[in-house]
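Student: pasting a predicted model and its sequence here:
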Amino acid sequence: MSIPIQPLLSNSLVLLQPLQASDFEELYALASDPLVWEQHPNKERWKREVFENFFKGAMESKGAFKITERQTGKAIGSSRYYDFDEADNSILIGYTFFGKDYWGKGYNLSVKKLMLDYIFQYVGKVYFHIGAVNVRSQVAISRLGVTKVAEQSIAYFGEKDNLNFVYALSKEEWERQQ
């Protein structure tokens, strides 16, 4: 089964558009701040050459988005769907980052809700990989009612292995929350 993992998604706060090669500079302007990556397992993503690898992986995933603030039309971050598993009827959501000016203002929750509402039309379970040292993202993901199901060493696209916590959310759990 093939599912469309790069639709146009929007609500009153954000617009998620399929990532384009031309989005690099705008997103790198946000990602070039070391503070964005301070809790991430790869703290070097603020460096241009490291972010280029991250962006290449995003483009190759064919499931990545540029996140734009509706009110201003400015790019504020990126996220993606990846690793669809037909046998498990699941997919992952992750590789999410926001410019620090957009932290703690509801953007992440808004984006994740959009992505979950959409993808649960096609799958029964969504997983999230969160770096074991990324407390900020662990707190944010807990607001979705996810369950920590494992700890796993994960190698992000072209990067070395790092310990991650694996969280899961089933379609049924999501529907009960809504």
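Tutor: Alright, I've got the coordinates.

Student: flag the shaky bits of the chain, pLDDT-wise.
Tutor: 1 (pLDDT under 70).

Student: mind listing the strands for it?
Tutor: Along the chain, the stretches classed as strands by DSSP state E are 9-10, 14-18, 64-69, 75-85, 90-98, 125-131, 147-155, 161-170.

Student: would you reformat those strands as CSV and include distance to L35?
Tutor: In short, each C-beta sits where N, CA and C put it, glycine included. Putting the strands of the chain into CSV (distance: least, C-beta to C-beta, whole Å) gives the following:
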stretch, distance to L35
strand 9-10, 27
strand 14-18, 21
strand 64-69, 18
strand 75-85, 14
strand 90-98, 11
strand 125-131, 15
strand 147-155, 23
strand 161-170, 19
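
Student: measure S2 to F84 for me?
Tutor: Relative to F84, S2 is positioned 9 Å away (criterion: C-beta to C-beta, to the nearest Å).

Student: these two: who's more crowded?
Tutor: F84 (18 against 7; other C-beta atoms under 10 Å).

Student: I figured that one hits K62, correct?
Tutor: No - with contact defined as C-beta atoms under 8 Å, F84 and K62 do not form a contacting pair (10.5 Å).

Student: give the contact list for Q39.
Tutor: Under the criterion of C-beta atoms under 8 Å, 6 or more residues apart in numbering, the neighbours of Q39 are G131, V133, N134, V135, R136, S137.

Student: what residues are up against the fourth one?
Tutor: Yep, that's V135 we're talking about. For V135, the contact set (C-beta under 8 Å, 6+ apart) comprises Q39.

Student: again with the fifth one
Tutor: Counting by C-beta under 8 Å, 6+ apart, R136 touches Q39, W103.

Student: same question, the first one
Tutor: Applying C-beta under 8 Å, 6+ apart to G131 gives the contacts Q39, H40, P41, S137, N162, L163, N164, F165.

Student: ok, so what distance separates the fourth one from K112?
Tutor: Remark: distance between S137 and K112 (C-beta to C-beta) = 11 Å.

Student: so what sits against both of the two?
Tutor: Taking C-beta under 8 Å, 6+ apart as the criterion, S137 and K112 both touch T96.

Student: neighbours around V14, how many?
Tutor: Other residues lying near V14 total 22 when counted by other C-beta under 10 Å.

Student: check contacts around it.
Tutor: Neighbour list for V14: I67, T68, E69, R70, I76, Y107, S110, V111, L114 [criterion: C-beta under 8 Å, 6+ apart].
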